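Undergrad: Take this sequence and fold it.
(chains A, B and C)
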Amino acid sequence: MPSLDLFLQPEIFLVWTAALKTLVILGVVLTMVAYSVWAERKVSAFIQDRIGPNRVGWAGLIQPVADGVKLLLKENFVPGGVNKFFFSIAPSLAMIPAILVLAVLPFGSSLFGVPMVIANLDIGVLWVFAVSSLGVYGIVLAGWASNSKYPFLGGIRSSSQMISYELSLGLSVVPVFMITGTLNLGEIVQYQVDNGWMVFPAWFRSGGGLLEFTTDNGSMFGLDLGQTLLWIPMMVSFVIFMIAMFAETNRVPFDLPEAEQELVGGYHTEYSSMRFALFFLGEYAAMIAGAGVIVTLFLGGWSMPFVPDGSQGWFWGLVNIGTFFAKVAAIIFFFLWVRWTLPRFRFDQLMKLGWYVFFEVALVNIFLTAGILAYLQS
Amino acid sequence: MATIVQRPKLSLLERSYFPAILGGLWITIKHFFKMLFGQTKVTMQYPEQKWDSAMPEWYRGAPTLVKDEHDRERCVACQLCEFICPPRAITIKPGELPGDNRWSKVEKYPEKFDIDMIRCIYCGLCEEVCPEQAIFLRKDYSITGLTRAEMVHDKEKLYELGGVMHGLVHKWNEKK
Amino acid sequence: MLTILFWVFSVLMLASAAAVVLFRNPVNSAMSLVLSFLALAALFVTLDAFFIGVIQVLVYAGAVMVLFLFIIMLLDLKAETRRRLNIAALAGGIAVLGGFVVLITHVVKSLPTSADHFPALARTGYSDAYDIGMTLFSDFNLPFQIIGVLLLVSTIGVVFLSRRSLR
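TA: You can find the predicted model right below:
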C-alpha cells in the first residue's frame, strides 16, 4: 500500500507523530487546567469544612465548562487610558510560555516505538527555564499597560520576585545535572529508571549495596553508599526547587503579584472576560508545567518501580503515561494543599528568603554534591 | 505606662518555619480527609433543605393582606400603613364600597394595594399600625423576581400569600 | 527550509532592532529588543547551536530585559513620548552608521582569512552543552577564571557601593 508507506517515511512519520502528540498533550493539559480549577475549589472547600461546587453535574464536575461559557459570554471590557496593544497581548504572553514548557517534558516512555516526548532537546532543562522566564512578561506588561496603580504594583512585584527566584530555581537543579551528566530531560528520567528516583534512590541497583533485596522477577532494589550520600543534596535540591517553583508560578505563599487583600486583583485587576480567563488558566497551566518539571527531575518522571517501559508493549507504554500524569496530579494536589494552609509572605520576607537563604543554600549544595561525586570517583 | 512585650526567643528549628509549616499541613489534611469521608457536619443545602418547619410563629417575612373567616377583606384603606412605611413601599388607592354591599357601612376598601418588595425592609410597622388587623408579616422570605415589576406585590398576590387568618377581632360584624 | 527560516528570523531581528531605536515609548523599545533577542536565539538554533540560543533567551530576554523593563516602568514616560525627532541627530546617526558599515566591510575584505571557506564544525557526538563546557574548561580555562574573578569583583563593588551609609 503506497499511501501507508508514505506515512512511514522517517521525516513524514516524525511530522505527523509530533503533531499528534502535540494535539493530545495540549488536549490533556488544557483539560487538566480546567479541572485543576475545579480541584482548587473542591480542595479549598474540603479543607475549610465546606462542600464546594456541587450543582453543575455530579460533584460539580461540569463546573469548569460552565465557568468557561460564562467567561466567554462576558463583555470584554477595555478600560480607558490603557495601552491597547500591550493590554491585548499580555494575556497570551502569560499563557504561551506555560504551554511551551510542555514540549520538552517526557510524559511517557514510548508507545509503538514512538518516544513519548514532543521535542527531545539536548538542552531540555534550559529550555524549560528560558521559556518560563519569559512568562513574566505577560504579567509585567499587563500591570504596566493597565495604567492603574494596583496592577502596576502587581507587575513590579512579579518581575522582582521572578528574577529573585529564578536564580535559586536554576542553581538548585545544577546538582541533578552533575549527577546525571546530561541536560536532556529524557536521559535524566532514564537515569532515574536505572538508579532510583532522585528523592528516593532505592531501586534497581545491583551489586555492592549496603542493603539489597531481589524480587521474584529478578529486579534488584536496595541502597548503596553513593546513592545514600547523594540523597542528602538531592533532598535539599528538591525542597529548594519546589519552593522556588511556588514562587515562580505565583502560588501562595508567594502570590504577591495578585495578593487580593492588598492589590485588589493584582496585575489582572483591569481585565475581564476571556482575557482574564487566559491569565487565570495561564497560571494553572504554569502550575501543571512546573509540576511536570518537578516530577521529571526529581520523582522519576514516568517510571514506577517494577513496571517495565513501553518497549515491553503498548499496555506498559500507556501505564507509563498514566504514571506521569498521576504524579503530576499528586504534585498539584500538594500545591493546592499548601495554598489553603499557609499565609502569604510579606514582600521583604520574600526577598530575604530568596536572596539570603535559598541562593546560598543552593550554592553550598552544588559544592556538597561536587565533593560527594569527587569522593565517590576516587 | 507602656509595657514592653518581649518577643519570644525562637530556637533554630522554629526559625526555619518547617515544624510550623508541617503542623499546619497536618491540620488542613485532617480537615480534608474528614470532609472527604463525610465525618464533618456541614451547613444545610439551602434550596433542598429549609428551616421552614422550625420557623417561629412571630417570624417577620413578607407583609401580606389577610381575609377573615367570613371571607371579608379586612383592609379598609385607611392608609395608615402607607404613611408609616419607612421606605414608602406601600401604595394604596382607596375605593368606595357600593351601597348594596353587605359591608357597606365600612365605606372604604382598597381598590389597589401594592407593596414594592424591592423597597420593603420587613420592619413590621405596617402590621403594628394597622387598626383593622388586616396586614400581617407571614413566613415567606424568598421573594424573587426577574423584573422590577414582578417584585411589586399587588392585591391578588398579597391575598394569595396572606390567606385566611382566624381568631381576629370582628368589630364590623352585626351586633347580636 | 532552513534558508527560509534564516531569512524570516534575520529580517525579524533586524526590523525589531531598528524598532528599538525608532519607537518613542521606552517600553515599546524594550519589548522590541526582547523580540530581537528571541529572533537571534532562533538564528542560533537554526545553526544547531541550541545551547547558545537557549542561553540567549534565558539570560538576555528572560533576566536582563526584565530588569530593564522594571526600571523603565518606574520612570515617568510622558516626557519621553513627547520628544520630537531631531533631524540633525538622525542625520548624524545615519552618517556614523554608514561610516561604520563601510569601515567594517573594508576590514573584513582585507583580512586574509575571510576569503577562505570554513568547513562546518565536525559533530562530536555529544550535545553542544558538553562541547562548550569542554572548550571552556580546557582551551579557555584561564580567560574563564579571569572572567569569574572579574564578575566577583564587580559583585563585591556593587554590594559595597549600594550600602546605606558609606563610612
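
Undergrad: Let me know the average pLDDT across stretch A:140-151.
TA: The average pLDDT within stretch A:140-151 is 84.

Undergrad: now do stretch B:107-122
TA: 90.

Undergrad: cool, stretch A:262-276 as well?
TA: Stretch A:262-276 shows a mean pLDDT of 80.

Undergrad: and if you look at stretch B:48-58?
TA: On average, stretch B:48-58 scores 83.

Undergrad: could I have that stretch exported to PDB, CA atoms only?
TA: Presented in PDB, the C-alpha positions along stretch B:48-58 are these (Å, rounded to 0.1, in the frame of the first residue of the first chain):
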ATOM      1  CA  GLU B  48     -33.400  21.400  49.100                       C
ATOM      2  CA  GLN B  49     -33.400  21.700  52.800                       C
ATOM      3  CA  LYS B  50     -35.100  24.500  54.700                       C
ATOM      4  CA  TRP B  51     -35.700  25.700  58.200                       C
ATOM      5  CA  ASP B  52     -39.400  26.300  57.400                       C
ATOM      6  CA  SER B  53     -40.800  23.700  59.800                       C
ATOM      7  CA  ALA B  54     -38.700  25.100  62.700                       C
ATOM      8  CA  MET B  55     -39.700  28.700  62.000                       C
ATOM      9  CA  PRO B  56     -41.300  30.600  64.900                       C
ATOM     10  CA  GLU B  57     -44.800  32.000  64.800                       C
ATOM     11  CA  TRP B  58     -43.600  35.500  65.100                       C
END
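
Undergrad: ok, it near chain A or not?
TA: No - against chain A, stretch B:48-58 shows no contacts by CB under 8 Å from any CB of the partner chain, the least distance being 10.8 Å. All C-beta atoms are positioned from the backbone trio N, CA, C, and that covers glycine.

Undergrad: who's in contact with that stretch?
TA: B:44, B:139 (CB atoms under 8 Å, 6 or more residues apart in numbering or on different chains).

Undergrad: distance between that stretch and the chain's centre?
TA: For stretch B:48-58, the distance from its own C-alpha centre to the chain's C-alpha centre is 12 Å (CA atoms, centre = their mean, to the nearest Å).

Undergrad: which SSE is residue 31 in?
TA: Picking chain A for this. helix A:10-47 (DSSP states H and E).

Undergrad: not what I meant, chain C
TA: helix C:26-46.

Undergrad: for the helix holding A:T31, packing partners?
TA: helix A:2-8, helix A:63-73, helix A:273-298, helix A:314-339, helix B:18-36 (3 or more CB pairs under 8 Å, 6 or more residues apart in numbering or on different chains; DSSP states H and E).

Undergrad: on that earlier part again, C-terminal to the helix holding C:M31, what's the next element?
TA: According to DSSP H and E, the helix or strand after helix C:26-46 is helix C:50-55.

Undergrad: Give me the contacts around that next one.
TA: With contacts defined as CB under 8 Å, 6+ apart, helix C:50-55 is touched by A:121-123, A:126-127, A:130, C:41-45, C:127-129, C:132.

Undergrad: if I look at the most centrally placed residue in chain A, how far off is A:L342?
TA: In chain A, the C-alpha nearest the mean C-alpha coordinate belongs to A:G290, at 1.4 Å (CA atoms, centre = their mean). In this view, A:G290 and A:L342 are 17 Å apart by CB to CB, to the nearest Å.

Undergrad: The residue in chain B that chain C sits nearest to: neighbour count?
TA: Across chain B, no residue is closer to chain C than B:R7, which sits at 24.0 Å (CB to the nearest CB). Residues near B:R7, counting by other CB atoms under 10 Å in any protein chain shown, number 6.

Undergrad: can I assume it sits in a strand?
TA: No - assigned with DSSP: H, G, I helix; E, B strand; the rest coil, B:R7 falls outside any strand and is coil.

Undergrad: What score does it have for pLDDT?
TA: 86.

Undergrad: swap in C:G93?
TA: Looking at C:G93, its pLDDT stands at 85.

Undergrad: Next up, phi/psi of B:V164, please.
TA: Main-chain dihedrals, B:V164, degrees, to the nearest 10: phi -100, psi 130.

Undergrad: residues contacting the residue nearest to it when sequence neighbours are not counted?
TA: Nearest non-adjacent residue to B:V164, counting by CB to CB, 6 or more residues apart in numbering or on different chains: B:K67, 5.3 Å away. Applying CB under 8 Å, 6+ apart, we find B:K67 in contact with B:73-74, B:159, B:162-165.

Undergrad: Could you do A:A259 as well?
TA: A:154, A:266, A:344.

Undergrad: can you do 7 Å?
TA: A:A259 sits next to A:266, A:344 when contact means CB atoms under 7 Å, 6 or more residues apart in numbering or on different chains.

Undergrad: so how far is A:M245 from it?
TA: Here A:A259 is placed at a distance of 19 Å from A:M245 (CB to CB).

Undergrad: again, but for B:P98
TA: B:P98 is 84 Å from A:M245, by CB to CB.

Undergrad: Have a look at those two and say which one is more surrounded.
TA: A:M245 (24 against 8).

Undergrad: C:L103: how many residues sit nearby?
TA: 10.

Undergrad: Identify the residues contacting the residue of the stretch 201-350 of chain A found nearest chain C.
TA: Distances between the stretch 201-350 of chain A and chain C by CB to the nearest CB are smallest at A:E248, namely 11.6 Å. A:E248 makes contacts with A:132, A:162, A:165-166, A:169, A:290, as judged by CB under 7 Å, 6+ apart.

Undergrad: Does A:L111 touch A:W314 like I think?
TA: Yes - between A:L111 and A:W314 there is a contact at 5.8 Å, judged by CB atoms under 7 Å.

Undergrad: Now the phi/psi pair for A:G52, please.
TA: Taking degrees, to the nearest 10 as the convention, A:G52 sits at phi 80, psi -170.

Undergrad: cool, and the one 5 residues further on?
TA: In terms of degrees, to the nearest 10, the main-chain angles of A:G57 are phi 80, psi 170.

Undergrad: what's the answer for B:L97, then?
TA: Taking degrees, to the nearest 10 as the convention, B:L97 sits at phi -80, psi 140.

Undergrad: Kindly report the same for A:R50.
TA: Dihedral angles for A:R50 - degrees, to the nearest 10 - are phi -110, psi -170.

Undergrad: And A:S110, by the same measure?
TA: According to degrees, to the nearest 10, A:S110 has phi -160, psi 150.

Undergrad: Could you point out the longest helix of chain C?
TA: helix C:87-110 (DSSP state H).

Undergrad: And chain A, is the very next helix or strand once past that helix touching that?
TA: Beyond helix C:87-110 in the direction of the C-terminus, DSSP H and E gives the next helix or strand as helix C:128-138. Yes - counting by CB under 7 Å from any CB of the partner chain, chain A is contacted by helix C:128-138 at C:128-129.

Undergrad: List the buried residues for helix C:128-138?
TA: C:128-131 (16 or more other CB atoms under 10 Å in any protein chain shown).

Undergrad: and if you look at stretch A:65-83?
TA: A:67, A:71, A:82-83.

Undergrad: and the residue of chain C found nearest chain B, how many neighbours does it have?
TA: With CB to the nearest CB, the shortest gap between chain C and chain B falls at C:R164, namely 24.0 Å. By other CB under 10 Å, 4 other residues sit near C:R164.
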